[in-house]
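>>> Output the structure for:
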Amino acid sequence: MTPAGIRNATLSQLREARTEMLSAEWMLALEGQEQKTRTDAAKQLMRVQHAIQQLENTELAKIRDDLQANEKDLAKGTARLGKALKKLNQVKSVLNAASGLLGVVAKIVPLLL
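Numbers count the residues shown, from 1 in each chain. Presented below is the predicted three-dimensional model:
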């Protein structure tokens, strides 16, 4: 996949995660969780938003090599997050998947992790 394609696929999955993490279904799933999990969810949402902004604002030429070097991990992370988002009521699974993908994105652009 081209560097632009890798970035676009990653951005697409992060945007989907953001949309789902702002949904009523997600909010309902969080209601039954302990306070620490709800706090972690809020932090992950902020990290997802920050990752989106960083990937959108960073020139592709600056991160081209890092995108290609991390292509397999990004693909695995986006697939895992996509799978987890289909089961929003499993809050910790979604948070773990988002965290995993954000860990790979942080290798490419600086994130507040």
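>>> Low-confidence stretches in the protein?
Low-confidence segments of the chain, defined by pLDDT under 70: 112-113.
>>> quick one, helices of it?
3-21, 24-31, 35-57, 60-69, 71-85, 91-105 (DSSP state H).
>>> Let me see the contact set for residue 89.
By C-beta atoms under 8 Å, 6 or more residues apart in numbering, the contact list for residue 89 reads 25, 29. Glycine gets a C-beta too; all of them are placed from N, C-alpha and C.
>>> Now it: phi and psi?
phi -70, psi -10 (degrees, to the nearest 10).
>>> winner for burial among the helices of the chain?
helix 91-105 (a mean of 20; mean count of other C-beta atoms under 10 Å).
>>> What helices and strands are in contact with it?
Here helix 91-105 touches helix 3-21, helix 35-57, helix 71-85, going by 3 or more C-beta pairs under 8 Å, 6 or more residues apart in numbering; DSSP states H and E.
>>> Most remote residue from the middle of the protein, which is it?
residue 32 (22.8 Å; C-alpha atoms, centre = their mean).
>>> For residue 89, see how far away that residue is.
Distance check for residue 32 against residue 89: by C-beta to C-beta, to the nearest Å, it reads 9 Å.
>>> Residue 78 now?
Residue 78 sits 21 Å away from residue 89, going by C-beta to C-beta.
>>> Residue 73 too?
Look at residue 73 and residue 89: by C-beta to C-beta, they are 27 Å apart.
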